[in-house]
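**Student:** Give me the fold of what follows.
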Amino acid sequence: MPPTPDPSTAPAGTQPRLHATDRRNGMPAGKVLLAGALGLALAIVLNSQQLLREAQQQPFGYGRDASMAVWEPIEGVASAVGAHLPRLWADEALGRDVLDPGAMTDPLSSVAADEAVDEVGGAVAEDPTRAGVVVADPAIPAIAGAGSSDDDVATGAPATTMPWFPTAADPLRLHIMGDSMVQFFGHVMVGLANDTGVIEASTEHQLSSGLSRPDFYDWPTRIVEVLAAENPDAVVLMFGGNDAQAIVVDDQIERPFSEAWVQEYSARVGHAMDLVTTDPDRELIWVGQPIMEDPEYDSRMQRVSEIFEAEAAKRDRVHYVDTRNLFRGPNGGFSRYVADADGQLADVRLTDGVHLSTVGGRWLSQVLLDELGLFVDLSSGAQS
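**Tutor:** From the prediction side, this is the model:
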């Protein structure tokens, strides 16, 4: 048997021969590419619902149409064979928001009106003049647009005449709802409200939602569900950050702040207000948008908030809260740092120039509780 070559004695520039048992097994490049492609395909199938959801969320236009054309058939096949279920189970186990895109409606298609029964104001029926919006009582006329007179506006119900004196044994039920703004202050307000000893508060939010796109998330329907299930005494609503985008009116796409857009969006805002205040013993606090860092975005948010304020002024038991001055900086515009009551600068906004920090959330929550205290006696909840 010949001796095994010593690598140290091999001539320069040559490689020692290896036995077959010393060779490493490699994978051909084709197999690597195939494995990667299969892995990518599996990831797409498992996440098809989320990908379709993101496509539906896009503003109306060619980009959204192209994305929908790609992801709708993929998601349809994935759901048909149950390939989306592992992701769904994982999201539920981790407590993430779960929204089935299959339940979303295409705002450009005609959808048959379904009837349901709620405990708020009788039957819930679709108003055929406003796609994707429901009316809480067929007896209540359609909400007029921004240009209508006050005489034409339905106020839902007369104002309550009984002052509220909640106690620890009979607390006021408060529910806070909205978009990502609520995500950043809702839990803070719940804590402050519960600390009063006479409020039982809860909160929920839906990212990227609002009133412009009921095909993505239908807030009027969700409001009806909450009122029927929880029957809150007071509600806080905050929308608008995602609403300055095109909406569908009579199968036509209307650009933001066009005459038709303003009329339709005003109607949707008023409709949400009327849903909450149909019960004469329920109060609504509607929160306007704070000052924003980007001037163009800030201008759009001012116009949206003007609609909120105008619609609130037409209705009893709807309290509009303007937040622009609360977060106005030393120079009169946007600033992350705003002076508190003691003159100390507080970091009240996040670096995105949109959302509130924890401190800012506490500021806003206290303002909203002070507003609630104007029509509800919270003094009996003093802690011992």
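**Student:** Tell me the span between the first and last residue of stretch 196-215.
**Tutor:** Criterion Cα to Cα, to the nearest Å; first-to-last residue distance in stretch 196-215 is 38 Å.
**Student:** Now it: buried residues?
**Tutor:** Residues of stretch 196-215 classed as buried by neighbour count (16 or more other Cβ atoms under 10 Å): 196-203, 205-206, 209-215. Using the backbone N, CA and C atoms, a C-beta is placed for each residue, glycine as well.
**Student:** which residue ranges form the strands in the stretch 101-250 of the chain?
**Tutor:** Secondary structure of the stretch 101-250 of the chain (DSSP state E, counting those that start in this stretch): strands at 116-118, 122-126, 134-135, 172-178, 199-205, 234-238, 247-249.
**Student:** in the chain, what spans have low per-residue confidence?
**Tutor:** For the chain, the stretches with pLDDT under 70 are 1-27, 32, 40-163, 381-384.
**Student:** domains of it?
**Tutor:** Under the assignment automatic domain parsing, the domains of the chain span 29-98, 138-381.
**Student:** now, of these, which is deepest in the fold?
**Tutor:** domain 138-381 (a mean of 18; mean count of other Cβ atoms under 10 Å).
**Student:** The strand or helix carrying Val276 packs against which elements?
**Tutor:** Element membership of Val276, judged by DSSP states H and E, is helix 259-277. The elements that helix 259-277 packs onto, with contact taken as 3 or more Cβ pairs under 8 Å, 6 or more residues apart in numbering; DSSP states H and E, are helix 219-230, strand 234-238, strand 247-249, strand 252-254, strand 283-287, helix 295-313, strand 318-321.
**Student:** closest to Arg349 out of these?
**Tutor:** helix 295-313 (12.4 Å; Cβ to Cβ).
**Student:** and the closest one with helix 259-277, angle?
**Tutor:** 50 degrees (axes from the mean of the first three to the mean of the last three Cα atoms, to 10 degrees).
**Student:** would you put the C-alpha positions of helix 295-313 in CSV?
**Tutor:** Extracted in CSV, the C-alpha atoms of helix 295-313 (Å, rounded to 0.1, in the frame of the first residue of the first chain):
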residue,chain,number,x,y,z
PRO,A,295,-46.6,71.1,5.7
GLU,A,296,-48.6,69.5,2.9
TYR,A,297,-49.9,66.7,5.1
ASP,A,298,-50.6,69.2,7.8
SER,A,299,-52.7,71.2,5.4
ARG,A,300,-54.8,68.2,4.5
MET,A,301,-55.3,67.3,8.1
GLN,A,302,-56.5,70.8,8.8
ARG,A,303,-59.1,70.5,6.1
VAL,A,304,-60.2,67.1,7.4
SER,A,305,-60.5,68.5,10.9
GLU,A,306,-62.6,71.4,9.7
ILE,A,307,-65.1,68.8,8.4
PHE,A,308,-65.1,67.1,11.8
GLU,A,309,-65.8,70.4,13.6
ALA,A,310,-68.5,71.5,11.2
GLU,A,311,-70.4,68.2,11.5
ALA,A,312,-70.1,68.1,15.2
ALA,A,313,-71.5,71.6,15.5
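**Student:** Run through the neighbouring helices and strands of it.
**Tutor:** helix 259-277, strand 318-321.
**Student:** counting contacts, what elements does the last one pack onto?
**Tutor:** Strand 318-321 makes packing contacts with helix 259-277, strand 283-287, helix 295-313, helix 358-372 when contacts are defined by 3+ Cβ pairs under 8 Å, 6+ apart.
**Student:** Dump these into a markdown table; add distance to Arg222 as well.
**Tutor:** A markdown table is the format used below for the helices and strands packed on strand 318-321 (distance: least, Cβ to Cβ, whole Å):
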| stretch | distance to Arg222 |
| --- | --- |
| helix 259-277 | 10 |
| strand 283-287 | 15 |
| helix 295-313 | 18 |
| helix 358-372 | 20 |
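**Student:** which stretch among those comes nearest Ala234?
**Tutor:** Nearest to Ala234, of the helices and strands packed on strand 318-321 and by Cβ to Cβ, is strand 283-287 at 4.6 Å.
**Student:** I'd like to check the angle between that closest one and strand 234-238, please.
**Tutor:** 20 degrees.
**Student:** Now do strand 283-287 and helix 358-372, the angle between them.
**Tutor:** For strand 283-287 against helix 358-372, the angle by the same axes, to 10 degrees is 140 degrees.
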